[in-house]
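Asks: task: produce atomic coordinates for the following.
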Amino acid sequence: MYPFTCSSIDLPSDAQRLSMIEQLIEAGFLSQILISHDISTKHRLARYGGHGYDHIVRNIGPWMRRGDIAEEEILRLPPMTGHLD
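Replies: Take a look at the predicted model:
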């Protein structure tokens, strides 16, 4: 059975995760935040239609820039450091 078919599991969307990150930054936890993801199955790879390994840098970073997170804060969040030129 696929692990996420259980109705009791509620995975947050990227938008919900970004909202949580914004709240953590506002609460003063910027230096303790690490953004990550995994590729646990083949269909998550870009070649099979998934987001791929660069999802955070390619999609989430620009999304943060359009939101309420300041550029200086974004650049302090691993893995963004050095990737959003």
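
Asks: what about the strands in this structure?
Replies: With DSSP state E as the criterion, the chain has no strands.

Asks: low-confidence stretches in it?
Replies: 1-7, 81-85 (pLDDT under 70).

Asks: check which residues of the lengthiest helix in it are buried.
Replies: When the chain is parsed with DSSP state H, its longest helix is helix 14-26. Neighbour-count burial for helix 14-26, counted by 16 or more other CB atoms under 10 Å, picks out 18, 21, 25. In short, each C-beta sits where N, CA and C put it, glycine included.

Asks: please report how far residue 36 lies from residue 49.
Replies: Per CB to CB, to the nearest Å, residue 36 is found 21 Å from residue 49.

Asks: which stretches of the protein form helices?
Replies: Using DSSP H, the helices of the chain run over 14-26, 55, 61-66, 71-75.

Asks: want to try CSV for those helices, with distance to residue 45 as columns?
Replies: Shown next, in CSV, are the helices of the chain (distance: least, CB to CB, whole Å):
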stretch, distance to residue 45
helix 14-26, 18
helix 55, 11
helix 61-66, 20
helix 71-75, 26
